[in-house]
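Student: need a 3D model of the sequence below.
(4 chains)
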4 protein chains.
Amino acid sequence: MTLRMTKQDLEGFLIREFPQVGTDFAIDALSDAELTVRLKVAERHLRPGGTVSGPSMFALADVSVYLAVLSRLGPVALAVTTNCSIDFMRKPAAGVDLLCQTRLLKLGRSLAVGDALLFSKGMDAPVARATLTYAIPPAR
Amino acid sequence: MTLRMTKQDLEGFLIREFPQVGTDFAIDALSDAELTVRLKVAERHLRPGGTVSGPSMFALADVSVYLAVLSRLGPVALAVTTNCSIDFMRKPAAGVDLLCQTRLLKLGRSLAVGDALLFSKGMDAPVARATLTYAIPPAR
Amino acid sequence: MTLRMTKQDLEGFLIREFPQVGTDFAIDALSDAELTVRLKVAERHLRPGGTVSGPSMFALADVSVYLAVLSRLGPVALAVTTNCSIDFMRKPAAGVDLLCQTRLLKLGRSLAVGDALLFSKGMDAPVARATLTYAIPPAR
Amino acid sequence: MTLRMTKQDLEGFLIREFPQVGTDFAIDALSDAELTVRLKVAERHLRPGGTVSGPSMFALADVSVYLAVLSRLGPVALAVTTNCSIDFMRKPAAGVDLLCQTRLLKLGRSLAVGDALLFSKGMDAPVARATLTYAIPPAR
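Tutor: Numbers count the residues shown, from 1 in each chain, chains lettered A, B, ... in the order given. All right, here's what the predicted structure looks like:
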């Protein structure tokens, strides 16, 4: 699956299309095999105790698989999340960003499936894993 | 499963324990069989086009099952989400609140499982459904 | 969503199309709102200790949502399971059949989503719940 | 996580504890990082058209994560599946065995989470992926 967008393309797309949350994320790495997206953890992503909230982890996994799909289809596509299964396995570390390693397992004509593994920056054990399915609208 | 908290107890708990998001939610109904939580949809919950964002729907389902567990265990418990599976089925309507009907399917000693069905206020067809598992820490 | 098949139609379809497993299942009830499918529990569905195996519960949920989709589309459709999330909550009772109550939450042009709640016959508390997504091929 | 069982131990355990299905599976590889279990595909695993059935794929993923947990805990444990999310992405090839590559993402005191990626032998693209959670009973 050839890449049709660069790291810069993806970051520009995020900021343009999702003005409210686009700047929360950075693209740390992009290759044929894997995409790494970072959540720049700020006060608004935290729960009492200083841990990153569940919805913020969901948002990171969701945007990551979305960008992985876009990086192959180009910025015209309007894919829609249809399903997410997420396991929260460990408490994220306080005070560090959250990284999401994403692999596309399938990119079909109408459905794409991606795996996301979330880590607190600097830690080896994943804090969460998610699988997301996106519906891809028919080409016009 | 007897209720140990009232609607007012749950709303008070939310505002006290989750100062950042607690006021986003209201308890519309609470009975032995079902809990209805409402997301008071505001600008910050929206995506371009005016639809409620996926993370906001996840947050509503997550807090709803959490509150359903608490309503039976009382406010001392510190349950933690371990798994969520969510299906996004329809686009939420713009400009209306989102309702979440929640049923507890299991309340065991160490795991609780709850079902959540999300509706745009005034619509019959659900916009999303989710099932969440919470780990309940051993009583001290 | 009008029904296009009767209980007898569904049972005949199962036996004809799935000769290896079709007779494992019976249709106990079918209405606009809900379909109840029964797994006629036999030796081959059991695990040591006499409990129904996980794969047998998965098979019951899978066939139930499939039949719920067919009951609306008619027997020509060739829907394919794309996703299943299942929670095993209690041990099935030994020596009794397993019932699956199924509701379609969405029947779109390309995706259908159904909820399945599994009970040991005669018990009130569900042994498992599942949500399945089916991809519906474009009409020819 | 040190291994406490060998390939031979796992195969012996399967045959002893699951006499009805134990011989369906073989352990192809076992290391600290990954376990590969093979479903020896036979007539009873097939659906019309010669493709491996959904319940057979579920069974392979389920037994694989179970064995991955056992390989670390030893054969005394009695872990129970509590949740499975599975995505069916491609049709399995006819006439070949199915391989399941399994990694444990978490092995906690009370919950274990494992990822399973299923391939038709000889193919590169996965046919399915699954994540399973097991509850581990308290040590006696």
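Student: got the residue ranges for the helices in chain A?
Tutor: Read by DSSP state H, chain A holds these helices, from start to end of the chain: A:7-17, A:54-73.
Student: pipe those helices into CSV and attach distance to chain D, mean neighbour count and mean pLDDT per row.
Tutor: In short, each C-beta sits where N, CA and C put it, glycine included. Shown next, in CSV, are the helices of chain A (distance: least, Cβ to the nearest Cβ, whole Å; neighbours: other Cβ atoms under 10 Å in any protein chain shown; pLDDT from 0 to 100):
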stretch, distance to chain D, mean neighbour count, mean pLDDT
helix A:7-17, 24, 16, 93
helix A:54-73, 12, 24, 96
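Student: which ones are touching the most centrally placed residue in chain A?
Tutor: What sits nearest the mean C-alpha location of chain A, by Cα atoms, centre = their mean, is A:Ser64, with 1.5 Å. Applying Cβ atoms under 8 Å, 6 or more residues apart in numbering or on different chains, we find A:Ser64 in contact with A:Leu35, A:Val37, A:Cys100, A:Thr102, A:Gly114, A:Ala116.
Student: and the strands in chain A, which stretches?
Tutor: With DSSP state E, the ranges of strands along chain A come out as A:25-30, A:35-39, A:80-88, A:98-107, A:111-120, A:128-135.
Student: can you list the low-confidence ranges for chain A?
Tutor: A:1, A:77, A:139-140 (pLDDT under 70).
Student: of the strands of chain A, which approaches B:Ala125 most closely?
Tutor: Nearest of the strands of chain A to B:Ala125, taken as Cβ to Cβ: strand A:80-88 at 15.2 Å.
Student: ok now the closest one, how far from the chain's centre?
Tutor: 11 Å (Cα atoms, centre = their mean, to the nearest Å).
Student: return the residues of chain A in contact with chain C.
Tutor: A:Thr82, A:Asn83, A:Ser85, A:Ser110, A:Leu111, A:Thr133, A:Ala135 (Cβ under 8 Å from any Cβ of the partner chain).
Student: any idea how many residues pack against the last one?
Tutor: Right, the one you point to is A:Ala135. 18 (other Cβ atoms under 10 Å in any protein chain shown).
Student: in contact with it, which residues?
Tutor: With Cβ under 8 Å, 6+ apart, A:Ala135 has these contacts: A:Ala79, A:Val80, A:Thr82, A:Ser110, A:Leu111, C:Ser110, C:Leu111.
Student: do the same with the fourth one
Tutor: When contacts are counted by Cβ under 8 Å, 6+ apart, A:Ser110 touches A:Ala135, A:Ile136, A:Pro138, C:Ser110, C:Ala135.
Student: for the residue in chain A that chain D sits nearest to, name its beta-bridge partners.
Tutor: The minimum distance from chain A to chain D, using Cβ to the nearest Cβ, falls at A:Ser85 (3.6 Å). Per DSSP bridges, the residues bridged to A:Ser85 are A:Thr131, B:Ser85.
Student: quick one: contacts for it?
Tutor: Counting by Cβ under 8 Å, 6+ apart, A:Ser85 touches A:Ala130, A:Thr131, B:Asn83, B:Cys84, B:Ser85, B:Ile86, C:Ser85, D:Ser85, D:Thr131.
Student: A:Lys91 touches A:Val127, doesn't it?
Tutor: Yes - contact criterion Cβ atoms under 8 Å: A:Lys91 and A:Val127 qualify, at 7.1 Å.
Student: quick one: which of the two has more around it?
Tutor: A:Val127 (22 against 14).
Student: pretty sure the more buried one contacts A:Asp87?
Tutor: No - counting by Cβ under 8 Å, A:Asp87 is not a contact partner of A:Val127; they are 9.9 Å apart.
Student: spell out which parts of chain A neighbour chain D.
Tutor: A:85, A:87, A:89-90, A:105-106, A:108, A:113, A:115, A:117, A:125-126, A:129, A:131, A:133.
Student: PyMOL command for the buried members of those residues?
Tutor: In PyMOL, the members of the residues of chain A next to chain D classed as buried (16 or more other Cβ atoms under 10 Å in any protein chain shown) are selected with the following command:
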select buried, chain A and resi 85+87+89+90+105+106+113+115+117+126+129+131+133
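Student: count of neighbours near the nearest residue to A:Ile15 once chain neighbours are set aside?
Tutor: Nearest non-adjacent residue to A:Ile15, counting by Cβ to Cβ, 6 or more residues apart in numbering or on different chains: A:Gly22, 4.1 Å away. A:Gly22 sits with 15 neighbouring residues when counted by other Cβ under 10 Å.
Student: quick revisit: turn the helices of chain A into TSV, including distance to B:Gly12.
Tutor: Output for these, formatted as TSV (distance: least, Cβ to Cβ, whole Å):
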stretch	distance to B:Gly12
helix A:7-17	38
helix A:54-73	22
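Student: so which of those gets nearest D:Leu46?
Tutor: Nearest of these (Cβ to Cβ): helix A:54-73, 32.2 Å.
Student: can I assume A:Asp24 is in contact with A:Ala42?
Tutor: Yes - under the criterion of Cβ under 8 Å, A:Asp24 makes contact with A:Ala42 at 7.4 Å.
Student: the more surrounded of those two?
Tutor: A:Asp24 (19 against 11).
Student: quick one: contacts for that one?
Tutor: Taking Cβ under 8 Å, 6+ apart, one finds A:Leu39, A:Lys40, A:Ala42, A:His45, A:Ala59 in contact with A:Asp24.
Student: and the residues you listed as TSV, adding distance to chain B?
Tutor: Shown next, in TSV, are the contacts of A:Asp24 (distance: Cβ to the nearest Cβ, whole Å):
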residue	distance to chain B
A:Leu39	11
A:Lys40	16
A:Ala42	11
A:His45	10
A:Ala59	4
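Student: just give the nearest non-adjacent residue to A:Ala93, would you?
Tutor: That would be A:Ser120: by Cβ to Cβ, 6+ apart, it lies 3.9 Å from A:Ala93.
Student: number of nearby residues for the one you found?
Tutor: Neighbour number of A:Ser120 under other Cβ under 10 Å is 22.
Student: repeat that for A:Asp124.
Tutor: Neighbours of A:Asp124 under the rule other Cβ under 10 Å: 6.
Student: gap between it and A:Leu99?
Tutor: Look at A:Asp124 and A:Leu99: by Cβ to Cβ, to the nearest Å, they are 12 Å apart.
Student: what do you get for A:Leu10?
Tutor: 15 Å.
Student: which bits of chain A sit near chain B?
Tutor: So far as Cβ under 8 Å from any Cβ goes, chain A lies against chain B at A:17-20, A:44, A:46-48, A:53-56, A:58-59, A:62, A:80-89.
Student: if I look at A:Val63, how far off is chain C?
Tutor: 20 Å (Cβ to the nearest Cβ, to the nearest Å).
Student: apart from its neighbours in sequence, what residue is nearest that residue?
Tutor: A:Phe25 (5.9 Å).
Student: right, and that neighbour touches A:Ile15 too?
Tutor: No - A:Phe25 is beyond contact range of A:Ile15, at 9.3 Å (criterion: Cβ under 8 Å).
Student: quick revisit: so the residue nearest to A:Ile15 sits right up against A:Leu14, yeah?
Tutor: Yes - using Cβ under 8 Å, A:Gly22 is in contact with A:Leu14, at 3.9 Å.
Student: if we can go back for a sec, of all the contacts of A:Ser85, which two lie farthest apart?
Tutor: B:Ile86 and D:Thr131 (14.3 Å).
Student: and A:Met57, how far from B:Thr6?
Tutor: A:Met57 is 31 Å from B:Thr6, by Cβ to Cβ.
Student: please apply the same query to A:Ala116.
Tutor: A:Ala116 is 39 Å from B:Thr6, by Cβ to Cβ.
Student: these two: which is more packed in?
Tutor: Higher neighbour count among A:Ala116 and B:Thr6: A:Ala116, with 27 against 12, using other Cβ under 10 Å.
Student: between the residues of chain A next to chain C, which is nearest D:Ser31?
Tutor: Among the residues of chain A next to chain C, A:Ser85 lies closest to D:Ser31 (Cβ to Cβ), at 26.5 Å.
Student: all set, thanks.
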